[in-house]
Each structure stands twice: as C-alpha cells, then as structure tokens.
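**Student:** Sequence first, predicted coordinates after that:
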Amino acid sequence: MHLKTCAQLLAALTLAIPAAAQTPTPAPKPKSTTTTAAKPAAATYDRALLKPALLKDKAPDTYQVKFDTTRGEFTITVTRAWSPLGADRFYNLVKHHYFDNARFFRVLPNFVVQFGLSANPAVNAAWEKATIKDDPRNQSNKRATLVFATAGPNTRTTQLFINLKDNGSSLDGQGFTPFGQVDGDGMKVVEMLYDQYGETAGMDQENITKGGEKYIATHWPKLDTIKSATLIGAAATTPAKPASKPAAKPATKPAAKPTTTPKPQ
C-alpha cells in the first residue's frame, strides 16, 4: 500500500508504537450504574493470565479460532509454519480467553483493524513486558491476514491487527509477520466493525490499557466487542477456561507496573 497522505503515514507508523510505552495516566473512575454490589470483575478472567511466563504451550501446526463479536462471527485459521512464535503466543492467549470481552479499539477503513488490549487492567499490566522474539516473515501482509503489532524488533506482546487490504508494500518491510488468515466470508463481519472514531480511539491506548473495559465503556462506547475468542476443531480438545475454577487467590495484586512495556501500534 502506498501511503499518499500524512494521515496515512501516521496510521502506518502507529502500528509500531507500543501502547504501554507511554507514560501512564490514571483513568477516570466510571460512574457505577448498579445499585447492588456486583461480583468483582477480577473473577471474570482466567487468573493464569497473570503469569505469562507459564503460558508456553506449543500450538498445533494449524488451528482455528472462532471470534464471536457484536457484529457477528468469523473464524481465523492459523498456520504455525508462517510464524511459529507468533502462532504459539496467540494460541496461549486464546486458550486462556485473553480476548474475551475486549474491544476492537482501532479501526481504520482500507487499512487495519487492531485489537489485543485486555478488558482487565491487571491482565494488561501482566503482559506489558511479556515480549516474544521476531519470526522471519515469509508471508505478505495481504488482505485478511492476522499479524502481531510491534514496537520495534522483538517486541510482540498481545496486540494484533487484521489487514483490511493488501498492505504488503508498506508493512512487509517493517517486520510485520502474518501468521493467520480470516476464513471465507469472515471479512464481511470484520469490515462492519465500528470505525467512526477514526484514529482517535487508537491513540488512546494508554488509558485503555490502564482503565480496561470500564474506561472504554465511558469514553469509546461504540467500539465493537469480542464476546469470545475460542479454539475450535481439533485444537479445542485442549483444556479451556481453567479460570472457572473457584477460589483462586484474589486478583487484587496487579502483576507488573505499567511502565515502559510495548504498547502496540
């Protein structure tokens, strides 16, 4: 893709700006709409996500992930040979339901759809410095490919984007390494994701990282949500949702200070 305007150039470059690398500022407390005490939000995520170093399972050679979103469903097929470290990281994130209830926070028509910031601030903090090394790129950034965002060499963490068009001419040379692709007519769903915030919501990653879903619901309420992202087919035979096990230690202990960790794109 040839970027012909300053705005397009900025959009491409911000794929390589880590969200957590900016100086964090406290997110405003959202107004509570409930009058009765609800169960703490910490109980809604798999506590294994607070220990990224332990989530190192090797992914199958190929596997599929079904995304159920507020715009409908689509499936992504991952090919491990395209990017082994990237495929393994994505597999572990999906297996432990990292993406459930997260938003597509950056949707730029005719460019990319970006996601990968957890709905839970404590989970974002835990993964902030959990980088993986680069894989050699052997696939182009074609339309419908799934790619990890980066903050430079060897900085992939949890943020990803789906190419809305063939972006090979602008992104291939920057080290963005596709490892999966949206199947069939799934791009029809992807292209319906709310995009009217333009780049403004995408540039608010610092506060989204710190405030999670509560912050987004207050400031960017129209962004579409990933209701769930789950392994399907053969890959789904591995244990899912270990988080539902009761009485894990309270998650009042945030795992890592949100300081200079990569905040994708």
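**Tutor:** Looks like it arrived, so ask away.

**Student:** residue ranges of the strands in the protein, please?
**Tutor:** 62-69, 72-79, 106-108, 112-115, 145-148, 160-163, 178-182, 226-232 (DSSP state E).

**Student:** for the shortest one, the distance to its chain's centre please.
**Tutor:** The one in question is strand 106-108. Once both centres are worked out by CA atoms, centre = their mean, to the nearest Å, strand 106-108 turns out to sit 13 Å from its chain's centre.

**Student:** Report the contact partners of the nearest residue to residue 107 once chain neighbours are set aside.
**Tutor:** In space, residue 107 comes closest to residue 195 once its chain neighbours are excluded; the distance is 4.0 Å by CB to CB, 6 or more residues apart in numbering. Backbone N, C-alpha and C define where each C-beta goes, glycine included. If you count contacts by CB atoms under 8 Å, 6 or more residues apart in numbering, residue 195 has them with 107-109.

**Student:** repeat that with 10 Å
**Tutor:** Residues in contact with residue 195 (CB atoms under 10 Å, 6 or more residues apart in numbering) are 104, 106-111, 113, 164, 201, 222-224.

**Student:** repeat for residue 162
**Tutor:** Contacts of residue 162 by CB under 10 Å, 6+ apart are 67, 74, 76, 104, 107, 112-115, 143-147, 178, 180-182, 186-187, 190-191, 193.

**Student:** Restricted to buried residues, select these in ChimeraX.
**Tutor:** Burial among these is assessed by 16 or more other CB atoms under 10 Å; the matching ChimeraX selection reads:
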select :67,74,76,104,107,112,113,114,115,144,145,146,147,178,180,181,182,186,187,190,193
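
**Student:** Poorly predicted segments of this protein, please.
**Tutor:** 1-43, 237-265 (pLDDT under 70).

**Student:** what's the residue closest to the geometric middle of it?
**Tutor:** By CA atoms, centre = their mean, the chain has its centre lying nearest to residue 116, at 1.2 Å.

**Student:** how about the nearest residue to that one, chain neighbours excluded?
**Tutor:** Closest residue to residue 116 apart from its sequence neighbours, by CB to CB, 6+ apart: residue 159 at 3.5 Å.

**Student:** give me the number of residues near that neighbour?
**Tutor:** As a burial measure, residue 159 scores 27 neighbours (other CB atoms under 10 Å).

**Student:** likewise residue 153?
**Tutor:** Residue 153 has 10 neighbouring residues, counting by other CB under 10 Å.

**Student:** Give me the phi and psi angles of it.
**Tutor:** The phi and psi torsions at residue 153 (degrees, to the nearest 10) take the values phi -60, psi 140.

**Student:** sorry, back to before: which phi and psi does the residue nearest to residue 116 have?
**Tutor:** Torsion angles at residue 159 (phi, psi; degrees, to the nearest 10) stand at phi -80, psi 140.

**Student:** Any figure for the gap between it and residue 211?
**Tutor:** According to CB to CB, to the nearest Å, residue 159 stands 16 Å off from residue 211.

**Student:** picking up where we left off before, hmm, residue 112 and the residue nearest to residue 116 touching each other?
**Tutor:** No. The criterion here is CB atoms under 10 Å, and residue 159 misses it with residue 112 at 11.0 Å.

**Student:** Counting neighbours, what do you get for the residue lying closest to residue 183 once chain neighbours are set aside?
**Tutor:** Of all residues not flanking residue 183 in the chain, residue 75 sits nearest, at 4.5 Å (CB to CB, 6+ apart). For residue 75, the neighbour count with other CB under 10 Å is 17.

**Student:** Show me the beta-bridge partners of residue 75.
**Tutor:** residue 66 (DSSP bridges).

**Student:** so how far is residue 233 from it?
**Tutor:** Taking CB to CB as the measure, residue 75 falls 9 Å from residue 233.

**Student:** Mutual contacts of these two, please.
**Tutor:** The contact lists of residue 75 and residue 233 share 64-66, where a contact means CB under 10 Å, 6+ apart.
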